[in-house]
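> Sequence and predicted model, in that order:
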Amino acid sequence: MPDFVGAVDQGTTSTRFMIFDHGGNEIGRHQLEHEQILPRAGWVEHNPVEIWERTRAVIETALARAGLTASDLAALGITNQRETTVVWNRRTGRPYHNAIVWQDTRTDRIASALDRDGRGDVIRRRAGLPPATYFSGGKIQWILENVDGVRQAAEAGDAIFGNTDTWLLWHLTGGIDGGVHVTDPTNASRTMLMDLETLDWDDELLSFFGIPRSMLPSIKPSSHPGLYGTTRPGGPLGGEVPLSGDLGDQQAATVGQVCFEVGEAKNTYGTGNFLLLNTGTELVRSQNGLLTTVCYRFGEDAPVYALEGSIAVTGSAVQWLRDQLGIISGAAQSEALARQVEDNGGVYFVPAFSGLFAPYWRSDARGAVVGLSRFNNNAHLARATLEAICYQSRDVVEAMREDSGVTLDVLRVDGGVTANDLCMQIQADVLGVPVSRPVVAETTALGAAYAAGLAVGFWKSTDELKQNWNEGRRWEPTWSEEQRAEGYAGWKKAVQRTLDWVDVS
């Protein structure tokens, strides 16, 4: 068997290709950003063609730099930004519209209408999700209703939908020349269209959005040796490689962090933050604003479920300091700037740029900086931005404890923001529990590689994967209980100031 497994990690701001050996060590990578298209306030789009071109480029470059070819890869996995919606023509391969990104809020009235007439309760019960702008169903409906010709093409069977995993799988397996139109339960569970118990599209849920079933991809296990096809020789890998793993990015990170036991949790710090708690084969329905989602399904085994807290804006708040305010020149500078002050100086920043996600689910909220005095400077704002990442995570941890009864002993963390030592120290202080980062921090790509490799026998079992996990850094809490309580009370007051800002009725 070949010595390596490859993983495409198609994220919100960039696409990377990573190559791992049997020990889970990184052998090669390449990464490219893509454009963030912001047509108007609350709208966020990507160009799907650009994403496919970037994917081709990162695969070709990473392989070339590592001196490898397709024959060196035992399997290929894909992980992706979830909920981001692409609708394209299966005959031409052309998208009908830019991809509508998970952060986009143009569907707020669609989501609000679902809750007014009782359909929202059906969605919560069957799909495990609250009606929200976050998920794919409303985005598909918006494209069907607002882009000329798409409704007719969908009825004729020509217009098809996918999150970015499906879009890339279709291209990698041939595109208009026999491309496979598939997804997995972790992605399908983010649409408001899939029944969590049957793991199939639900006709009543489809009717709520007016979506023809023929638009939707087949739902296959997250890890399977033959259901996703193989790459085409003319594609970016230059040869045939089994496409045997597909996981939404946050579920992939959970697999990469080897959270295979009930009660284990991880938090991924990227554009947003996503905290997942493994609940095993039990489907736990949240009473505290969390999502019930599929964690993974390996082969024909029963699906494993999770509770998830999704936070829209964390790392992208640091980008906002850089791109919109210009007070830092790069993400790394946020730490140095924040270290110039001992605390937030009374300033709280709630980055509700596209409303608040878990556990609040308030699309009427908008960002706010509160507590300013003449004393405050840019360092206080930088510190408040890092604290916002950590306080939003605490909101989710508190909701998970209420839902599951699980009190965390340690929080496993991964993603780009974990390179910020100050932010991770603040996270330990805000939570009052240790924060642990693995040696391989890019666990999203690693999880996709694990899913693909398990399917073809590159790794024999999840026990083998656990042996690969090693702690790279740990942060212990230093705040007193009084500091912790006082800081969190201030945060809760700041959140209240952001609500009822936009009329979404």
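The structure has been received and is ready for your questions.

> Can you pull out the low-pLDDT segments for the protein?
Scanning the chain for pLDDT under 70 picks out the ranges 504-505.

> Centroid-wise, who is the farthest residue in it?
In the chain, the residue that sits farthest from the middle, by C-alpha atoms, centre = their mean, is R374; the gap is 38.2 Å.

> What segments of the stretch 301-450 of the chain are helices?
With helices called from DSSP state H, counting those that start in this stretch, the stretch 301-450 of the chain shows them at 315-320, 333-338, 378-404, 421-431, 443-456.

> And those helices: which comes nearest M194?
Nearest to M194, of all the helices of the stretch 301-450 of the chain, is helix 443-456, at 18.7 Å by C-beta to C-beta. The way it works is simple: take the backbone N, C-alpha and C, and place the C-beta from them, glycine included.

> So which elements touch that closest one?
strand 4-10, strand 14-20, strand 73-80, strand 243-248, helix 249-256, strand 265-269, helix 462-468 (3 or more C-beta pairs under 8 Å, 6 or more residues apart in numbering; DSSP states H and E).

> could I get those as CSV with mean neighbour count and distance to V350?
Converted to CSV, those look like this (neighbours: other C-beta atoms under 10 Å; distance: least, C-beta to C-beta, whole Å):
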stretch, mean neighbour count, distance to V350
strand 4-10, 28, 29
strand 14-20, 24, 26
strand 73-80, 29, 28
strand 243-248, 31, 26
helix 249-256, 31, 22
strand 265-269, 28, 17
helix 462-468, 15, 38
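
> Let's have those in CSV, adding distance to I100.
Putting the helices and strands packed on helix 443-456 into CSV (distance: least, C-beta to C-beta, whole Å) gives the following:
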stretch, distance to I100
strand 4-10, 15
strand 14-20, 18
strand 73-80, 14
strand 243-248, 16
helix 249-256, 17
strand 265-269, 22
helix 462-468, 34
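
> quick one, which of the ones you listed is nearest to S223?
Smallest distance to S223 across these (C-beta to C-beta): 5.2 Å, for strand 243-248.

> Quick one: list the elements packing against that closest one.
Against strand 243-248 (3+ C-beta pairs under 8 Å, 6+ apart) you get strand 73-80, helix 164-172, helix 185-188, helix 443-456.

> Pull up the distance across stretch 292-303, start to finish.
13 Å (C-alpha to C-alpha, to the nearest Å).

> Determine how far it lies from the middle of the whole chain.
17 Å (C-alpha atoms, centre = their mean, to the nearest Å).

> Stretch 276-283 too?
17 Å.

> Quick check: buried residues in that stretch?
Going by neighbour count (16 or more other C-beta atoms under 10 Å), the buried part of stretch 276-283 is 276-280.

> Tell me which residues are up against it.
128, 196-197, 250-251, 253-254, 259-266, 292-293, 295, 302-308, 400, 404, 406 (C-beta atoms under 8 Å, 6 or more residues apart in numbering).

> Next: stretch 464-473.
In contact with stretch 464-473 (C-beta under 8 Å, 6+ apart) are residues 23-24, 255, 257-258, 260, 421, 424, 436-441, 450, 454, 459.

> residues contacting E26?
Neighbour list for E26: 18-20, 440, 442 [criterion: C-beta under 8 Å, 6+ apart].

> Now distance to G490 too, for those, in TSV please.
Formatted as TSV, the contacts of E26 follow (distance: C-beta to C-beta, whole Å):
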residue	distance to G490
M18	40
I19	45
F20	43
V440	36
E442	34
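
> From the residues you listed, pick the one nearest G330.
Distance to G330 across the contacts of E26 (C-beta to C-beta) is lowest for E442, with 19.0 Å.

> who's in contact with that closest one?
9, 16, 18, 26, 29, 256, 414 are the contacts of E442 under C-beta under 8 Å, 6+ apart.

> which one of those residues sits closest to A494?
For the contacts of E442, the nearest to A494 is D414 (27.0 Å; C-beta to C-beta).

> I figured that closest one hits K266, correct?
Yes: taking contacts as C-beta atoms under 8 Å, D414 lies within contact range of K266: 6.6 Å.

> list the residues that contact both of the two?
Any residue near both D414 and K266 by C-beta under 8 Å, 6+ apart counts here, and that gives 253, 257, 443.

> Among these, which one sits closest to A74?
Each of these was checked against A74 using C-beta to C-beta; the closest is T443, at 19.7 Å.

> Next, count neighbours for that closest one.
T443 has 28 neighbours, counted by other C-beta atoms under 10 Å.

> That one and D9, how far apart?
10 Å (C-beta to C-beta, to the nearest Å).

> list residues touching both of these two?
When contacts are counted by C-beta under 8 Å, 6+ apart, T443 and D9 are jointly contacted by A252.

> who touches A188 in this structure?
194, 199, 201, 217, 219, 294.
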